[in-house]
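In: give me coordinates for this.
(chains A, B, C and D, ligands or ions: 8)
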There are 4 protein chains.
Amino acid sequence: MSTGFFGDIQKIKFEGPDSTNPLAFRHYNPDEMVMGKRMEDHLRFAVAYWHSFVWPGGDPFGGQTFERPWFKDTLDAARLKADVAFEFFQLLGAPYYCFHDADVRPEGRDFKENTANLNAIVDHFEKKQAETGVKLLWGTANLFSHRRYMSGAATNPDPDVFAFAAATVKTCIDATHRLNGENYVLWGGREGYETLLNTNLKQELDQLGRFLNLVVEYKHKIGFKGTILIEPKPQEPTKHQYDYDVATVYGFLKTYGLENEVKLNIEQGHAILAGHSFEHELALANALGVFGSIDMNRNDYQSGWDTDQFPNNVPEMALAYYQVLAGGGFTTGGTNFDSKLRRQSLDPEDLLIGHIGGMDCCARGLKAAARMIEDGALSNPLAERYAGWATDEGKKRLTALSLEDLTQLVESSGLNPQPRSGKQELLENIVNRYV
Amino acid sequence: MSTGFFGDIQKIKFEGPDSTNPLAFRHYNPDEMVMGKRMEDHLRFAVAYWHSFVWPGGDPFGGQTFERPWFKDTLDAARLKADVAFEFFQLLGAPYYCFHDADVRPEGRDFKENTANLNAIVDHFEKKQAETGVKLLWGTANLFSHRRYMSGAATNPDPDVFAFAAATVKTCIDATHRLNGENYVLWGGREGYETLLNTNLKQELDQLGRFLNLVVEYKHKIGFKGTILIEPKPQEPTKHQYDYDVATVYGFLKTYGLENEVKLNIEQGHAILAGHSFEHELALANALGVFGSIDMNRNDYQSGWDTDQFPNNVPEMALAYYQVLAGGGFTTGGTNFDSKLRRQSLDPEDLLIGHIGGMDCCARGLKAAARMIEDGALSNPLAERYAGWATDEGKKRLTALSLEDLTQLVESSGLNPQPRSGKQELLENIVNRYV
Amino acid sequence: MSTGFFGDIQKIKFEGPDSTNPLAFRHYNPDEMVMGKRMEDHLRFAVAYWHSFVWPGGDPFGGQTFERPWFKDTLDAARLKADVAFEFFQLLGAPYYCFHDADVRPEGRDFKENTANLNAIVDHFEKKQAETGVKLLWGTANLFSHRRYMSGAATNPDPDVFAFAAATVKTCIDATHRLNGENYVLWGGREGYETLLNTNLKQELDQLGRFLNLVVEYKHKIGFKGTILIEPKPQEPTKHQYDYDVATVYGFLKTYGLENEVKLNIEQGHAILAGHSFEHELALANALGVFGSIDMNRNDYQSGWDTDQFPNNVPEMALAYYQVLAGGGFTTGGTNFDSKLRRQSLDPEDLLIGHIGGMDCCARGLKAAARMIEDGALSNPLAERYAGWATDEGKKRLTALSLEDLTQLVESSGLNPQPRSGKQELLENIVNRYV
Amino acid sequence: MSTGFFGDIQKIKFEGPDSTNPLAFRHYNPDEMVMGKRMEDHLRFAVAYWHSFVWPGGDPFGGQTFERPWFKDTLDAARLKADVAFEFFQLLGAPYYCFHDADVRPEGRDFKENTANLNAIVDHFEKKQAETGVKLLWGTANLFSHRRYMSGAATNPDPDVFAFAAATVKTCIDATHRLNGENYVLWGGREGYETLLNTNLKQELDQLGRFLNLVVEYKHKIGFKGTILIEPKPQEPTKHQYDYDVATVYGFLKTYGLENEVKLNIEQGHAILAGHSFEHELALANALGVFGSIDMNRNDYQSGWDTDQFPNNVPEMALAYYQVLAGGGFTTGGTNFDSKLRRQSLDPEDLLIGHIGGMDCCARGLKAAARMIEDGALSNPLAERYAGWATDEGKKRLTALSLEDLTQLVESSGLNPQPRSGKQELLENIVNRYV
Ligand SMILES: [Co+2]
Ligand SMILES: [Co+2]
Ligand SMILES: [Co+2]
Ligand SMILES: [Co+2]
Ligand SMILES: [Co+2]
Ligand SMILES: [Co+2]
Ligand SMILES: [Co+2]
Ligand SMILES: [Co+2]
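Out: Numbering: from 1, shown residues only, chains lettered A, B, ... in the order given. Ligands and ions are numbered 1, 2, ... in the order given. Purely as a prediction, here's the structure:
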């Protein structure tokens, strides 16, 4: 029985690139085979409960613009929200969803009430998942919105907040486990600082390292098979966040002995905020062996904050999925749209249209990336560029020769290497043949 | 015998804060005691040979503006440059200098000629050091200006360039060792990429890790007691540099087993380019145990490139030296001015005036930082803010309790922590009492 | 009768630079004479009602942190808020305040109720002003928070919103006039666009030009003697705002014939967001004859959004007030703190401390600027640098000679001008003698 | 007779989208009709002499990487450079080229020698133009590279530099006129400042206004029919440039009475540096009636300086040409590639490949834009969104009603406008149907 929120809109169908129907897919065709695998199984799309069903359309200079019948802080409203959300997942054919605890349950007066509320909704989600076949990509705890977390959760100067946060994460891992979630995510929205003047950096890093170790221990104890993921972001809401970017998180994991236990959920918008390209963060995570999942929402290049827009630039998507495929593709991870509608996009159908456009862009990007890989379009020139290192002499230089050996080699041979064209423009043109 | 380059300017003296003499120190007073140590021994100022005696005043849109009699590529000109430089160090009373090989010697046709030229100048430097008492803070190799390095030195796709770079670094460590340098620096100006399309990230990181290991091995072999320093920078000249920032370099050192062998030379301008404050990078290096030395030149906040200006904002200097002092102060490191004159500052005396202003700013910053530390102005409120973690219960939470223990604690005690003011404005006002 | 909100805190006194009392002024001494005028009359401080009494401490990732007894949408709560606010102005000794209509009245269901609510509060304000002697620096209308304005007010695609906004501005000018406000401000928070795809730029600019003309006409009609001020901001909340910066607004005023009717309220933080320094925007407004007033709150240089912090960097303040004084000082304008506490600064006394620190910084900056002016520290070297233009020959070149005349002059005289040092470091050192 | 520089490469042909030949066009088909006009006549491509034949591959951290036989400062080398350049224009089929005086002639010792050298090359160009049919899109004077201009040309504190610059511009307008250039461009690379401390803003703006008036007067005097164009750029090389962006230049033109005489040459990279999108600058220039021509090279979104890359993102090109076509297309303007090869792109064929890729991107963008216009894909929803303003009532509100009339209207009708969806995601999806 439909909630009626989306009127008479029917399940979104693939109609092919020539369709002008705004409520149809033009490129996302779940059963189409790409490099020997169904497109749906490559992309593993997830809808973000938070932005799509909870965000009221506010910004720092204005309040709610969206009017949703479930914008009340009751369990009944939370169940209505869930019913609409699962309708939405089905209309879209999204195989997965993701949620924070605070997205799905009413806010309680204390830990006990929060837990009870969460469990009540998890009961409801269990039923909805069974009915619809929609699965949980990941769960997470919102440890940043409530005022108790204003100075951090794991990194709070107050050990009571650490304890409260830890207990809350336990309930969220339990919920994710019950719902067969395939990953559990930690995004440290307030794990950072506003000013060093009131911050003990070393102490806070140690708290964060301990917290993450507790999570990993607990995961193993209860037999949760999903992946623990950290989502890096350099700043916003705090001025500096400890999980700045892929490289920073990797160093952190090494320091606290977690580099084999934790992987990364990489968001395009956060990569940009950190001064990187999305493909950089993906390539680096692959190189370091910590790639996990993606949030496929980007920032506006002109805006210095996290706009969490739907992706709409196909060439960028192609470069992103190129890295995903080059690293072997997703295992437990997927493509989450951690995307907000623009706050002027008031209508229920805007929510569908945003996702349809995003999914189509990703599908085009994936197909382009797959063809580049199949053709060796980039990998062949790359292998050629580094060919010297693949020779026995090259390997010896990398592993066996000392500084003195190398100096001896240069002196004795009169080595005077000449530069060779990097061919960036050629490679960019090659990419443009595919997008 | 003077070169005459600085006319009849005499050694710069300390004249106190009321002096209006542009060629006097108003705050830098080498013998003044600060926290029980001479100011000179705290600050350990070094002049950067590169920017002060080599840079011709060019930028991407215009050529040379400075006219220096030594701007010729001969050994005689190089010796004249050295004579003027040592005169300058003495006029200023700077105890240290720093150089790249390419700054001090004429460019040769090949490795052999480069080495011979370098050694000829090192002979000259030995004499000048002995005559003047000026010491070498650090030496380094320029592995970024010559076209052979356009695609990287250690990270070049061509193993011959790796070898050439390695041999060059050997000659520079040898030179630094001969000159009793207290550190050896590596700044990876081209160790990065312009486009991922032609870059094998993992391969290049492994090359860089190997290269750094070779340097460390060689240092021990020849008994060089100085510190090996890496200077992080996020970008420029390349679009992405592997030594992005402190956190990135730390993860890199851990990955290649070097975190106990290598420390960091942190530049204010590079911190800003990476989206950080200078004090953040210093505090993080302290927290991670890898603080080494500083380059005290900053960028313009409005310009998206490395302007390498002389420091001139005292409140910023105070926050920087606060971190330096809080970490115990310099050991082998010091305060290098990796600063360029503005390209319109043509006159010899501009070079003195730039350094005088920078040294005075640093001296004011140091004194303010020392007083804040002596008063516990920031450390007392900090200890109070984190007091909960210093209790037995706090320690137990950080080290002993599991996720389930913490949950049990929250449930049983009905814990519901209330936020406490972060007092940022109060702390900012306190700092303003000292600057 | 006190509301008790600030406990037993007494009026903040000037205690001089050696005071360590956090609730005292160390530099702001209202009656101290600076360049022949009382410091209070130079600075003309105003408290921003909005940030100080209305903002709940939320950000895009978290809700209310502040708990104020007046956070209810009733007239009684609005009167309590006003009582606390006027107590605050008096504790601080701030001669002025500023408000938006939406800050001071409860939100009504429609225009009529909004107007009635506003008028009820204006009645109350009249009494409070009379009781306390605190004056209104400026009033303004909030045309950006309510969802009806989500697509702009004057620049809305819907003419009904234009009308609603116009009527609302009329009520706010009326209120400002009744309260003897010395200026009326327009900040176009939603006068811009999110995407050009749905925006008719020319149409919207014409709407904005017309709107501003209506305001100016009405001001004259009712005999309001205050200055009409536009506050430029480049973006946020919208991706692009029409009142981008001083230069943009000036061009806009010229286009719509308003350059002699409207002046500018310049905010430090907005200058930074637009890629300028604050002193640039001030100097340009002076050069163009449109300087009006300032909002003395800045952004964090590391954060790409409007953090509206209290000013705390004295050298920056000195350069800002140098421009203000160089342009002749404020007439109807003043120094408004459009500053937010950090959201972790929960306590009532934080509100005082933020303002005290800001006022002290401004006072130090003002005094430094005044001394630079009195000494001709910067103006003398400036006059010397441009001396060539002050000669008869210089004037002739600027006003009388044609391109051919100038060519003739170069050819006949063999003119080959040599560059002269810009002496930037010297001038920076001079400034540092004053701050 | 070929110079041989490009080996045996033949004229680049259109081979259609399926071609994998790196030396063929896949989309640029000069004779293809687009909206009733040949593609070549729409795009009016020009090659930038400067970046393509003069730039040595240097950056602030490294010198020359390109080795070109004409890199000598003699007239013979300049003629060889011209011969290669015209060969290049023909290989590419580019109908236009652009140059600075300093690009094409050896640097002389003084004005007289500069002029003689320039005229010698103009003689040569006249022949080459006649032989090849290649035309001059615009000429310009380089008033920023030589050290005499380090403190500005028109805005120099020294009136002699103003005169020298004026005389130089005269020679360049004369050259452009002789060569039938269709426009004359002024880019004020040093017309700005490094620090306000040594800058008289008002004086410099007046100098710049006068200078531009001299140019316009001279153009009319000699009967030059081309358009005078200003190229805005916010910064780099200077910290602040007076021609910041379109809005700033427009205000400047109004101030100096030139808004009907001068149009704008808008560069994508400069738009980005100024915090705008390219399409914003184009749309604004159209709205203000000052659109002239484009430099179609962009910056890297991650790099804070002008990278002048070849365009390679088709969706961006489509939005840019949408604005160009919506404004009626080019008249005297065109699409100049003010693009540099990456400094690692050493080979002659890289120069061709960079341009081929750029031209293909522009062609795809143009075709997409044309189809959007023909379909009314964006203009129909736009007209609908603003339909209220096209009614008689809407027009009356914009032109006739006073603030009081509008208030009366709101009050009497109880007007309470409701927001309507901005449909940004739908419009973005529509654009993606075309790119
Ligand atoms: Co985000
Ligand atoms: Co995310
Ligand atoms: Co630097
Ligand atoms: Co440095
Ligand atoms: Co602001
Ligand atoms: Co403001
Ligand atoms: Co450019
Ligand atoms: Co250009």
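In: quick check: residues of the stretch 251-400 of chain A near chain D?
Out: Proximity of the stretch 251-400 of chain A to chain D, by CB under 8 Å from any CB of the partner chain, involves residues A:272, A:275-277, A:301-302, A:310, A:312-315, A:341-342, A:344-347, A:350, A:353-354, A:356-357, A:360-361. C-beta: built from backbone N, CA, C; applies to glycine.
In: cross those residues against helices and list the overlap.
Out: Mapping these onto helices (DSSP state H) picks out A:272, A:314-315, A:350, A:353-354, A:356-357, A:360-361.
In: coming back round to it: of the residues of the stretch 251-400 of chain A next to chain D, select the buried ones using a PyMOL command.
Out: To isolate the buried members of those in PyMOL, using 16 or more other CB atoms under 10 Å in any protein chain shown:
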select buried, chain A and resi 272+275+276+277+302+310+312+313+314+315+341+342+344+345+346+350+353+354+356+357+360+361
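In: hang on, the earlier thing: with distance to residue A:208 and pLDDT added, can I get the ones in helices among the residues of the stretch 251-400 of chain A next to chain D in TSV?
Out: Listed next are those as TSV, based on distance: CB to CB, whole Å; pLDDT from 0 to 100:
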residue	distance to residue A:208	pLDDT
A:272	24	96
A:314	37	97
A:315	36	97
A:350	38	98
A:353	39	98
A:354	34	98
A:356	38	98
A:357	37	98
A:360	38	98
A:361	35	98
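In: and the furthest pair within those residues?
Out: Spatial extent of these (CB to CB) is set by the pair A:315 and A:350 at 24.9 Å.
In: where does pLDDT dip in the stretch 301-435 of chain A?
Out: Applying pLDDT under 70 to the stretch 301-435 of chain A flags no residue at all.
In: pick out the residue of it closest to ligand 3.
Out: residue A:304 (22.8 Å; CB to the ion).
In: again, but for the stretch 251-400 of chain A
Out: residue A:275 (15.8 Å).
In: which residues touch that residue?
Out: By CB atoms under 8 Å, 6 or more residues apart in numbering or on different chains, the residues touching residue A:275 are A:234, B:234-235, B:274-275, D:302.
In: do you know how far the nearest residue in space to residue A:339 that is not next to it in sequence is from ligand 7?
Out: Closest residue to residue A:339 apart from its sequence neighbours, by CB to CB, 6 or more residues apart in numbering or on different chains: residue A:297 at 3.9 Å. Distance, residue A:297 to ligand 7, using CB to the ion, to the nearest Å: 30 Å.
In: give the contact list for residue A:297.
Out: A:267-269, A:308-311, A:337-340 are the contacts of residue A:297 under CB under 8 Å, 6+ apart.
In: now those: which count as buried?
Out: A:267-269, A:308-311, A:337-340.
In: now, those that are in strands?
Out: A:267, A:337 (DSSP state E).
In: and residue A:294, which of the three is it?
Out: Taken by DSSP: H, G, I helix; E, B strand; the rest coil, the conformation at residue A:294 corresponds to strand.
In: show me what it is bridged to.
Out: Beta-bridge partners for residue A:294, by DSSP bridges, are residue A:266, residue A:335.
In: isn't it right up against residue A:320?
Out: Yes: counting by CB atoms under 8 Å, residue A:294 does reach residue A:320; the two are 7.3 Å apart.
In: out of the two, which sits in the busier spot?
Out: Using other CB atoms under 10 Å in any protein chain shown as the criterion, residue A:294 and residue A:320 rank with residue A:294 on top: 31 against 28.
In: what's the closest non-adjacent residue to the residue in chain A that chain C sits nearest to?
Out: Residue of chain A nearest chain C, by CB to the nearest CB: residue A:304 (1.4 Å). Sequence neighbours aside, residue C:304 is the residue nearest to residue A:304 in space, at 1.4 Å (criterion: CB to CB, 6+ apart).
In: do residue A:213 as well
Out: Nearest to residue A:213 is residue A:256, by CB to CB, 6+ apart, at 6.3 Å.
In: disregarding residues adjacent in the polypeptide, which is nearest to residue A:31?
Out: residue A:38 (5.6 Å).
In: surely the one you found is in contact with residue A:28?
Out: No: Residue A:38 lies out of contact with residue A:28 (CB under 8 Å); the separation is 11.5 Å.
In: can you show me the strands along chain A?
Out: Using DSSP E, strands in chain A cover A:13-14, A:24-25, A:33-34, A:37-38, A:45-48, A:96-100, A:135-140, A:183-186, A:192-193, A:227-230, A:240-241, A:262-267, A:291-295, A:335-337.
In: nearest to residue B:88, of the ones you listed?
Out: Using CB to CB, the strands of chain A put strand A:240-241 closest to residue B:88, at 38.3 Å.
In: return the list of strands paired to that closest one, each annotated with direction.
Out: strand A:192-193 (antiparallel).
In: how near is the residue nearest to residue A:339 to residue A:268?
Out: 6 Å (CB to CB, to the nearest Å).
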